[in-house]
Every structure is written in C-alpha cells, then in structure tokens.
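Colleague: generate a structure from the sequence data that follows.
(chains A and B)
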Amino acid sequence: MDLQNLTFFQIAQQRMDWLAQRQKVVSENLANANTPGYVAKDLKPVDFKSELSRSLARETQSIPATRTDPKHLTGSLPQSGPYRVESTRRPFEYTLDKNGVDVEQQMEKAASNRSQYELASNLVMKNLSMIRTALGRSGG
Amino acid sequence: MDDLMISTKISTSGMKAQATRLRVVSENIANADSVGTKAGEDPYRRKTMSFQSEVDRNLGADLVKVKKIGVDRSDFEKRYDPNHPAADADGYVKLPNVNPLIEMMDMKEAQRGYEANLNAMQVSRQMISKTVDMLK
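Modeller: You can find the predicted model right below:
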C-alpha cells in the first residue's frame, strides 16, 4: 500500500512542503534584516483555484527533456520549491538604507510555521496509528 | 526537509555577518582612545561595514555577506594638550572619530540581528526534529 495514494497524506505532505519552503524564505529575510536595499519576501498563499489548475496541468504536461547521450547533464541548478516566492509590495517600514524587513513580522511567521508544521506532522502520525489499528496491531 | 536544512545554512550566514559586525564594533570601541605617537600623527580612524545579499547558486537562496569593511572619513576632533607627544605645532592632539554612542547602538543592533537568526535556526531545527519524530 502506497501511503501517497491516500488523499490525506498528500494534503499533509503538501502542507509541510509549503511550510518548509516558507521557513527558508523567512530565514533569508532574517539573515538580510540589515542588508541595504533588501525587501522581505514571502510565499504566495496557496489558493484552491490555482492549485486545481496546477494539478490538472501536472497530469497533462511535465515532459522532461530527453537525454539522447549518456554524457548529457541533467543540469545543476537546484530546484526552487514548487511554490512561488514574491517580495512584499508595501513593507511596513523602510530603514534609512532602504531595508524593508520587519523582524517582528518575520518572527511571527517563523512561530506560526512551526506550530502549523507540528499540527500537520501530528495529524500524519495520528492517521498512521489509525491505519495500524485497522491492521490489528497495537496502534497506540 | 531539504528546505529546512537550507534555511539553517541561511541563518548561519546571517549569524556570521552579524558576528563580523560585532568584531568591527569591538575594534572601534577598543581603539576609542588610540591617538598617534608622533607630532601631528593621525589617530585611529573608525571602521565601518555594510552587508550585501548574495545569491548562493548551490542553495538557491539569498545569503548575506559582509560587503566591505571601510573607514569613516569624517573629521577628527582636536583637544588642546601641548604636552602630549602627538601634539602638533599649535598644541592640538587629534582624537579618533569614534563615537561610543553610535558603537553601542551598532552593537545592540548586531545582537538583535544575531538573536533573530538564532531563533529562525531553532525553529527550523525543531521542524526537522518533528519530521524525524514521525519515524517513531
């Protein structure tokens, strides 16, 4: 049985992916909290419409470039996560050196990332234990 | 989980940059009274530094690095002290252009920045350990 075929695990995995990628963006913002000219970034929130069209598009396209020679490289650029990063349009405040990172806001984002990630991972564990119960082992 | 690993690396770069800043501040404070030894010689000149964000192609993320450690070109203050070995012909000694108040503010800001990065790193690590806990 592939757990990925269960819708619930797919949802939880996507949620955790999104939060992990967002945590990366928040770290970038905090690391650059004193860099002149840097404006905070955030992940685009996932909405139902775009997700639906994306998942429909995923089934039809996604044809990788064919490697006709074993010496062809797959490319070395890291895949940026599947979710879009966008910079904040109107930052809360700018410092004199045109830095637009609000540390408090980023801290709040980091904290909410953590708690939502915990929620998702706890739900996964709970569901696993329910499956174990159904299998007849001591699920806990 | 890969993103979380990368985010700890990003936080590390931020901490490094803030630590360098603290080093520069320490140099400035330590040399706040370093005047010349010969007549008319220039005293210690305050050092400045600035940050720059840099795209790391391996990680695909904006890291931060120290752009340049420069010097503050502002004028030196003078004090009338004819007996001093560094006094010029008129009896004035040039003093370093270090303002302890500015250095203190810079130090506090470096501390806050360091703490913010440390916090982000802790959150990332907690998320990683939460993922590992799912193996239980």
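
Colleague: residues contacting residue 8?
Modeller: No chain in the question, so chain A it is. For residue A:8, the contacting residues are A:123, A:127, by CB atoms under 8 Å, 6 or more residues apart in numbering or on different chains. C-beta coordinates here come from the backbone N, C-alpha and C atoms, glycine included.

Colleague: that answer is for a different chain, and I need it for chain B
Modeller: Contacts of residue B:8 by CB under 8 Å, 6+ apart are A:27, B:121, B:124-125, B:128.

Colleague: let's have the residues you listed in JSON lines, adding secondary structure.
Modeller: Converted to JSON lines, the contacts of residue B:8 look like this (DSSP: H, G, I helix; E, B strand; the rest coil):
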{"residue": "A:27", "secondary structure": "helix"}
{"residue": "B:121", "secondary structure": "helix"}
{"residue": "B:124", "secondary structure": "helix"}
{"residue": "B:125", "secondary structure": "helix"}
{"residue": "B:128", "secondary structure": "helix"}
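
Colleague: just the buried residues from these, in ChimeraX please.
Modeller: Selecting only the buried entries of those in ChimeraX, with 16 or more other CB atoms under 10 Å in any protein chain shown as the criterion:
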select /A:27 /B:121,124,128
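
Colleague: which residues touch the residue nearest the centre of chain B?
Modeller: Closest residue to the average C-alpha location of chain B: residue B:21 at 1.0 Å, with CA atoms, centre = their mean. Contact analysis of residue B:21 by CB under 8 Å, 6+ apart lists A:34, B:49, B:51, B:66, B:106, B:110, B:113.

Colleague: likewise residue A:120?
Modeller: Contacts of residue A:120 (CB under 8 Å, 6+ apart): A:12, A:15-16, A:19.

Colleague: before we move on, the earlier item: can you tell me the SS state at the residue nearest to the centre of chain B?
Modeller: Assignment for residue B:21 (three-state DSSP): helix.

Colleague: out of the contacts of residue B:8, who's nearest residue A:6?
Modeller: residue B:128 (24.1 Å; CB to CB).

Colleague: which pair of the contacts of residue B:21 spans the longest distance?
Modeller: B:66 and B:106 (13.7 Å).

Colleague: ok, back up a step: and which of the contacts of residue B:21 is nearest to residue A:106?
Modeller: So of the contacts of residue B:21, ranked by how close each gets to residue A:106 (CB to CB), first place is residue B:113, at 11.4 Å.

Colleague: for the residue nearest to the closest one when sequence neighbours are not counted, what are its contacts?
Modeller: In space, and not counting its chain neighbours, residue B:113 is closest to residue B:18: 4.5 Å by CB to CB, 6 or more residues apart in numbering or on different chains. Residues in contact with residue B:18 (CB under 8 Å, 6+ apart) are A:34, B:110-111, B:113-114, B:117.

Colleague: pull the distance from the strand or helix carrying residue B:18 to the chain's centre.
Modeller: Here residue B:18 sits within helix B:2-30, counting by DSSP states H and E. Its chain's C-alpha centre and that of helix B:2-30 lie 9 Å apart, by CA atoms, centre = their mean, to the nearest Å.

Colleague: next, the buried residues of that helix.
Modeller: Buried residues in helix B:2-30 (16+ other CB under 10 Å): B:3-4, B:6-18, B:20-22, B:24-25, B:27-28.

Colleague: what's the burial count for the closest residue to chain B within chain A?
Modeller: Across chain A, no residue is closer to chain B than residue A:31, which sits at 3.0 Å (CB to the nearest CB). Burial measure for residue A:31: 34 neighbouring residues, criterion other CB atoms under 10 Å in any protein chain shown.
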